[in-house]
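[1] what follows is a predicted protein model with its sequence.
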Amino acid sequence: MIKIKHNLDSSKFKWLWCKYVTDINDKKHCTASLKGKYGKKFSKHNPNFNKETTIVFDEQPEESFKAIYICGVVSQGYSSKKNYPHNVDLAIVPKQGARCLYQFENWQLEIENGMISLIPGIEELPKKYQNLPEEYVTCRIFRWAVGGFERACGK
């Protein structure tokens, strides 16, 4: 079971969620490019999120998903579209016994039983996706879906 210890503050995010990823949809971008169920524990909508700094991703059976995608859209700068560089995007692939550390700006996530799956840059995307509209190729979720999912999870 993937487990994380975090110092995220949900009040700093417009959106903060995770998805148990089972597959991808390369016809959509943002959350719609990831097939699977949203987690309820790792969510801005969880009233105890800031108190429960250790989260076990046990809401779905381990064999039912291939990765967990975490996204946090920062509130500061959102209205002026200056938040993007500060948003949290992280894909985790289950791997028993593995330990990883994700550090970004002031945020830290200690990951147990999972490996970080890197999000490819635009130039690293398969050629058939590189000329899609900007809302696709600049979307980290879409880039991981079409450029990282298969590499990390097999398909």
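    Here it is on my side, so go on.

[2] which strands and helices lie in contact with the strand or helix carrying Thr22?
    Per DSSP states H and E: Thr22 is located in strand 13-24. Judged by 3 or more C-beta pairs under 8 Å, 6 or more residues apart in numbering; DSSP states H and E, strand 13-24 is in contact with strand 34-38, strand 67-74, strand 88-104, helix 149-153. C-beta coordinates here come from the backbone N, C-alpha and C atoms, glycine included.

[3] what residues sit buried inside that strand?
    Neighbour counts over strand 13-24 (16 or more other C-beta atoms under 10 Å) mark 13, 15-21, 24 as buried.

[4] what's opposite Asp89 in the beta bridge?
    Cys71 (DSSP bridges).

[5] sorry, back to before: any idea which of the helices and strands packed on strand 13-24 gets closest to Lys3?
    Of all the helices and strands packed on strand 13-24, it is strand 88-104 that lies closest to Lys3, at 10.1 Å by C-beta to C-beta.

[6] that closest one packs against which elements?
    strand 13-24, strand 67-74, strand 107-117, helix 140-147, helix 149-153.

[7] would you single out the least confident of the helices and strands packed on strand 13-24?
    Note on the helices and strands packed on strand 13-24: lowest mean pLDDT is at helix 149-153, with a mean of 86.

[8] right, I'll call it a day here.
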